[in-house]
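Colleague: Next come a sequence and a model predicted from it.
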Amino acid sequence: MTRGPAGVSITFTRTACPSTLTERSRLGSVSRSAAVQRTPAVVLWRFRVAAGAVQVGLWATVAIAFGYFAQRALEGAAANENRSPTTV
């Protein structure tokens, strides 16, 4: 038994048929065949590969930008140390 909206108790009975999955409760019968359709494995793997490629591209861009700005900062700090003090 589960609690529904506003604390109303609902009893579910699940029956699995080859074509549909039906839930029966005191509130009625709901066919979930459209909501439970499986995604093809090829589509799932293409999405995973594409998501991985986006992550690689994103982190490569971050690493290159960090390297560029870190090098500029280190070269600027070294140039400031080598500079002779000026008197005014």
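Modeller: Arrived safely, thanks for sending.

Colleague: what residues go with each domain of this structure?
Modeller: Taking automatic domain parsing as the reference, the chain has its domains at 2-31, 39-83.

Colleague: Least confident of those, on average?
Modeller: In terms of mean pLDDT, the lowest-scoring of the domains of the chain is domain 2-31 (a mean of 57).

Colleague: Which residues are in contact with Ala41?
Modeller: Going by CB atoms under 8 Å, 6 or more residues apart in numbering, Ala41 touches no other residue. In short, each C-beta sits where N, CA and C put it, glycine included.

Colleague: Oh, that last question was meant for Leu44, not what I typed.
Modeller: Counting by CB under 8 Å, 6+ apart, Leu44 touches no other residue.

Colleague: how much space between it and Val54?
Modeller: When CB to CB, to the nearest Å is applied, the distance between Leu44 and Val54 equals 16 Å.

Colleague: quick one, strands of this structure?
Modeller: 2-3, 9-10, 13-16, 21-25, 28-31 (DSSP state E).

Colleague: Please report how far Ala60 lies from Phe66.
Modeller: Counting by CB to CB, the separation of Ala60 from Phe66 is 11 Å.
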